[in-house]
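> Next input, structure requested:
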Amino acid sequence: MDLSVPDDTPVLTSRVDQLASDRAGIDIVKDAMEHPIDSPRLNELAKGKDDCVIIISDHTRPVPSPDILPNMVCELREGNPSIEITLLVSTGFHRPTTVEELKEKLGDALYEEFKDHIVIHDAHDPSTNVKVGVLPSGPDCIIDKVAMDASLLIAEGFIEPHFFAGFSGGRKSILPGIADAVTVMGNHCSKFIDSPYSRTGILDGNPMHEDMLAAARMAKLAYIVNVVIDEKKKTVAAFAGNFETAHRKGCDFIEEYVCVKPRPADIVITTNGGYPLDQNAYQSPKGMTAAEATVKKDGVIIMLASCLDGTGGDFFYHIIADEPDIETAYQKFLATPQEETRPDQWCSQILARIVRKYTVIFVADPSQKEMIEGLKMIYAPDLDVAYALARKIKGEEASLTCIPNGISVVVK
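Next comes the predicted model:
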């Protein structure tokens, strides 16, 4: 969507595109795997292992699997030509990934090769998951049985700012990726979401991150390949090896390119960076947190996301929509004990935190107007209408900051 604004309007963007390279993503990944961080090469780890489970991302994540998986499969078979490989889709709390979405994610060749060896994780089916320990914060750590039965457990992923885990990737393949609902809800409790350390770009002191690390250790995650992608979803850097140190090195690397200083404004426009993270309202607080970090007191946030897939979760929607006002919903979140965390309340809590402080105008597909209004936000059919409404609220001379991709930046 285009909007005409003065040339001096602050635009907050990452500098990841400075990493643009003529090299193919598959070659970038191959180089990283040839020089793993704090780990033997994958072909060494595969020796003597009868089987391997590769945790892959689901349909909501733009992980360039065709750059990553062929390299992982090749090295596994170098180490053990007869190794049995299973792909475990880390849906976390999301809906199951469809066959069509798997084909789009993997590409035809990979899908055809592994279609009979793909398992989609189900957080809501206790019979498919098994307890492996207890998280530092108290809840049981319950993980997918397919992963726990594997001789070798590894994962693909990508690293970008994350609105409460600090950064995506690494340990998140386990928690929430392949964790049981009990474990996810315990980790995503209202107390942790409310922590000032559970924010974009923060790992140290982040209670959610510490639980996630513990879960990955208990799951015996042996090796990861995480990439950094640019605005066109192209692989521009890769980190392979130990799930803690390789991931941390990747986070330190990307931080140099995604951190931006706040440019306080009366009106802030933000997005979820387009497909696939603009598919539903559940994901929308991610982009909104970037605006939250730079909008002035009592300001207006304009959020852009098509939401063609609807709410993204009935619980997420009704926790707010069924309450008389946003403040009532928010206070109920804060009063919810860890052991009583409700499904999807973490995204609802963050949304409520923002909506109670700022006016939020949401541009989405017209079919989602009722849903947006149910979430206590103002619906607008397009950006021009939203901006005109924002200026009516804040005045014609209101200042403006634009964030083309709210997920790609850390505002601090």
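
> helices or strands next to the host helix or strand of residue 248 in the packing?
Element membership of residue 248, judged by DSSP states H and E, is helix 245-258. Using 3 or more C-beta pairs under 8 Å, 6 or more residues apart in numbering; DSSP states H and E as the contact test, the elements touching helix 245-258 are strand 166-167, strand 221-229, strand 235-241. For the C-beta atoms, the positions are set from N, CA and C on the backbone; glycine is no exception.

> Walk me through which strands the helix or strand following it pairs with, and which way each runs.
Moving toward the C-terminus from helix 245-258, the next helix or strand (DSSP H and E) is strand 259-260. Sheet pairing here is set by DSSP bridges, and for strand 259-260 it gives strand 410-411 (parallel).

> Now the partner strand: average pLDDT?
For strand 410-411, mean pLDDT is 95.

> Enumerate residues external to that strand that contact any of its residues.
12, 161, 200-201, 255, 258-262, 290, 293-294, 403 (C-beta atoms under 8 Å, 6 or more residues apart in numbering).

> PyMOL command for the buried members of these?
Here is the PyMOL selection string for the buried members of the contacts of strand 410-411, based on 16 or more other C-beta atoms under 10 Å:
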select buried, resi 12+161+200+201+255+258+259+260+290+293+294+403
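
> for the contacts of strand 410-411, which one is nearest residue 63?
Set against residue 63, the nearest of the contacts of strand 410-411 by C-beta to C-beta is residue 161 (15.3 Å).

> From residue 406, how far off is that closest one?
Computed as C-beta to C-beta, to the nearest Å, the residue 161 to residue 406 distance reads 9 Å.

> can you list the helices and strands packed on helix 245-258 in TSV and add mean pLDDT?
Below are the helices and strands packed on helix 245-258 laid out as TSV (pLDDT from 0 to 100):
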stretch	mean pLDDT
strand 166-167	96
strand 221-229	97
strand 235-241	97
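
> Of all these, which one is nearest residue 277?
Between residue 277 and those, the tightest spacing by C-beta to C-beta is seen for strand 221-229, at 12.3 Å.

> Now do that closest one against helix 245-258, angle only.
Here the directions of strand 221-229 and helix 245-258 differ by 20 degrees (axes from the mean of the first three to the mean of the last three C-alpha atoms, to 10 degrees).

> angle of strand 221-229 against strand 235-241?
If you take the same axes, to 10 degrees, strand 221-229 sits at 170 degrees to strand 235-241.

> Who are the packing partners of strand 221-229?
Under the contact criterion of 3+ C-beta pairs under 8 Å, 6+ apart, strand 221-229 touches helix 25-34, helix 42-45, helix 65-79, strand 153-158, strand 235-241, helix 245-258.

> which ones are touching the nearest residue to residue 31 once chain neighbours are set aside?
Closest residue to residue 31 in three dimensions, ignoring its sequence neighbours and counting by C-beta to C-beta, 6 or more residues apart in numbering: residue 238, at 7.3 Å. For residue 238, the contacting residues are 28, 29, 31, 32, 33, 68, 225, 226, 227, 228, by C-beta under 8 Å, 6+ apart.

> now residue 44
residue 79 are the contacts of residue 44 under C-beta under 8 Å, 6+ apart.

> so residue 158 sits right up against residue 63, yeah?
Yes. Judged on C-beta atoms under 8 Å, residue 158 makes contact with residue 63 at a distance of 4.8 Å.

> which residues are common contacts for these two?
Common neighbours of residue 158 and residue 63 (C-beta under 8 Å, 6+ apart) are 57, 227.

> follow-up on the earlier one: of the helices and strands packed on strand 221-229, give the one that comes closest to residue 215.
For residue 215, the closest of the helices and strands packed on strand 221-229 is strand 153-158, at 12.1 Å, according to C-beta to C-beta.

> out of the contacts of strand 410-411, who's nearest residue 315?
Checking the contacts of strand 410-411 against residue 315 by C-beta to C-beta gives residue 200 as the nearest, at 23.7 Å.

> any idea how far that closest one is from residue 285?
Plainly put, residue 200 is 11 Å away from residue 285 if you go by C-beta to C-beta.

> who touches both of the two?
Here residue 200 and residue 285 share the contacting residues residue 163, scored by C-beta under 8 Å, 6+ apart.

> quick one: secondary structure of residue 329?
Remark: residue 329 carries the secondary structure label helix [criterion: DSSP: H, G, I helix; E, B strand; the rest coil].
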